[in-house]
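Structure of the sequence below:
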Amino acid sequence: AWARECLRKFVVAPGISMMDVVTEDRCEIYKGSKKAHFAALQKKTSIPYCRMCFFDDDPYNIRDVATLGVHCFHTPHGVTAQIFARGVKACTGGGDA
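Next up, the predicted model:
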C-alpha cells in the first residue's frame with residue numbers, strides 16, 4: 001500500500017502524479033524478483049527494456065534488473081529530481097546514466 005501511495009505523491013508534472021502515468025493496471029508492486037516485474041511490464045506495454053528505467057535503493061535489485069538492459073539508478077537516499085531527470089533522459093534517447 002505504501003508504494004502505491006508514493007506513486008500518488010510523486011509529482012512528475014504540475015497536477016500529474018506518477019500513478020496517473022503508470023495507472024493501476026500497469027503496477028507491478030509485490031514481493032519477488034524485480035526482473036519478473038519488468039518482464040510483466042514489458043509484456044503488458046510492449047515497451048523495450050532499453051526505454052525503461054528503474055530507481056531502487058537496493059544494489060542487488062539494481063544489478064539484477066540491469067542485466068535486462070533497463071536503465072538503472074541506485075537511490076540510497078531516495079529519488080531526487082536530478083536522478084529522475086537523468087532517468088527520463090536515458091529512456092528517451094537523450095543519453096545514459
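
Name the nearest residue to residue 74, sequence neighbours excluded.
Spatially, and ignoring its direct neighbours in sequence, residue 74 is nearest to residue 62 (5.0 Å; C-beta to C-beta, 6 or more residues apart in numbering). The way it works is simple: take the backbone N, C-alpha and C, and place the C-beta from them, glycine included.

and the helix or strand hosting that neighbour, what other elements does it pack with?
Residue 62 belongs to helix 59-66 when assigned by DSSP states H and E. When contacts are defined as 3 or more C-beta pairs under 8 Å, 6 or more residues apart in numbering; DSSP states H and E, helix 59-66 packs onto helix 34-45, strand 53-56, strand 71-74.

what's in contact with stretch 30-44?
25-26, 28-29, 47-49, 52, 54, 56, 61, 64-65, 67-68, 70 (C-beta atoms under 8 Å, 6 or more residues apart in numbering).

got a winner among these for most neighbours?
Counting neighbours by other C-beta atoms under 10 Å, the top entry in the contacts of stretch 30-44 is residue 70, with 24 neighbours.

In contact with that residue, which residues?
38, 49, 50, 52, 53, 54.

What helix or strand is the residue lying closest to the fifth one once chain neighbours are set aside located in?
On the basis of C-beta to C-beta, 6+ apart, the spatially nearest residue to residue 53 that is not a chain neighbour turns out to be residue 87, at 3.8 Å. With secondary structure defined by DSSP H and E, residue 87 is part of helix 81-91.

Just the C-alphas of that helix, formatted as CSV.
Output in CSV follows, covering the C-alpha atoms of helix 81-91 (Å, rounded to 0.1, in the frame of the first residue of the first chain):
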residue,chain,number,x,y,z
ALA,A,81,14.6,15.5,-9.2
GLN,A,82,18.1,15.3,-10.7
ILE,A,83,18.2,11.5,-10.7
PHE,A,84,14.6,11.3,-12.1
ALA,A,85,15.6,13.7,-14.9
ARG,A,86,18.7,11.5,-15.7
GLY,A,87,16.3,8.5,-16.0
VAL,A,88,13.9,10.3,-18.3
LYS,A,89,16.8,11.5,-20.5
ALA,A,90,18.3,8.0,-20.6
CYS,A,91,15.0,6.4,-21.6
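
All set, thanks.
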